[in-house]
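1. Got a sequence here, can you build the structure:
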Amino acid sequence: MKLHMQPKLIIHGGAGSSLHGKGGVEIVRRSLYKIVEEVYSLLLSGARASEAVVRGCQMLEDDPRFNSGTGSVLQSDGQIRMSASLMDGTTQSFSGVINVSRVQNPIELAQFLQNSPDRVLSDYGSAELAREMQIPSYNALTELRLQEWMQERQDNFKRTMAGVVAEPELVETSNARRGTIGVVVLDTHGRLAVGTSTGGKGFERIGRVSDSAMPAGNYATVNAAVSCTGIGEDIIDECLAPKIVIRVTDGMSLKDAMQRSFREGQNHKRDFGAIALDANGAIAWGKTSEVLLAAYHDGEKINDTLEWTSEELVGYC
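-> All right, here's what the predicted structure looks like:
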């Protein structure tokens, strides 16, 4: 194991087609930078990658602007059903919960399941686990998400998903879609980990399952780690996260693995984004949408992808 590496970190809060001007950009930037700063400080103190990932996901889940935890979107029946997963690259252990309700931080259930012989639970099992862990019942509903759902119900659910960023001016006309949160970490010992959490698409068929609790959307080994966001069905169809990680494992650079995977996705008219790290500390991100809500710490400073307008599908540092 590598000792005393410079830690690296990248997080995302979803992808979409608009942030409604500079105001939206600055609001999201402040939220993301605060989380990057805290999680990076935790890494500098020697925290394990998986521990830092969980803390970052908790903070993103607790921010009502993002579609995970507090502020999750509602399914077509008006209920919140959240999914989350965690993968430790060192142990190559994946754990997750699917369509869980009434908890504040779904990522905490995924963390507990890392050491369980049964590592992915659906709604009933997740609810029973929350009771076993004595997690208090929690209402993740916000007024803005309720307004969004009520408006869409009046329109007979013509939209296929809800807004990714919950802001008052976005409720009426949001095109900023595809909400998920994710955290990818390389710690000081060279360990990789990744976590992803979501409230789903919003307005979807009852019980629809997101990619966020599948390896397709959240995957890590000792070589690379990837968290995805976007249309879950597109991510699943491309098996995006493990595809990128396996290409790195087979000798491709992270940059080339991302570029090839996103070109394939574009050719197939997929709608998604991803953030990634490799074991050498390379950071990469990609999107087929207009906007990727990501921020990162490269070991020297914090930066973000909020105004990244390159025609390239992939960015890296």
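
2. and Val103, that's in a strand?
-> No - going by DSSP: H, G, I helix; E, B strand; the rest coil, the assignment for Val103 is coil, not a strand.

3. Now do the contacts for it.
-> 82, 109, 126, 130, 135, 137-138, 140 (Cβ atoms under 8 Å, 6 or more residues apart in numbering). (Glycine included, C-beta is placed from N, CA and C.)

4. Ser41 now?
-> Ser41 neighbours (Cβ under 8 Å, 6+ apart): none.

5. For the strand or helix carrying it, buried residues please.
-> If you go by DSSP states H and E, Ser41 is part of helix 22-44. For helix 22-44, burial by neighbour count (16 or more other Cβ atoms under 10 Å) applies to 24-25, 28-29, 31-33, 35-36, 39-40, 42-43.

6. What's the per-residue pLDDT of the nearest residue to Arg81 once chain neighbours are set aside here?
-> Of all residues not flanking Arg81 in the chain, Asn99 sits nearest, at 4.0 Å (Cβ to Cβ, 6 or more residues apart in numbering). Looking at Asn99, its pLDDT is 97.

7. quick one: Asn99 is in a helix?
-> No - assignment of Asn99 by three-state DSSP gives strand, placing it outside any helix.

8. what number of residues lie near it?
-> For Asn99, the count of nearby residues is 24 (other Cβ atoms under 10 Å).

9. Kindly report the same for Asn139.
-> Neighbour tally, Asn139, other Cβ under 10 Å: 10.

10. dump the residue contacts of the closest residue in space to it that isn't next to it in sequence.
-> Closest residue to Asn139 in three dimensions, ignoring its sequence neighbours and counting by Cβ to Cβ, 6+ apart: Arg102, at 7.2 Å. Counting by Cβ under 8 Å, 6+ apart, Arg102 touches 127, 130, 137-140.

11. and what of Cys239?
-> Neighbours of Cys239 in contact, by Cβ under 8 Å, 6+ apart: 215-216.

12. how close does it get to Val245?
-> 10 Å (Cβ to Cβ, to the nearest Å).
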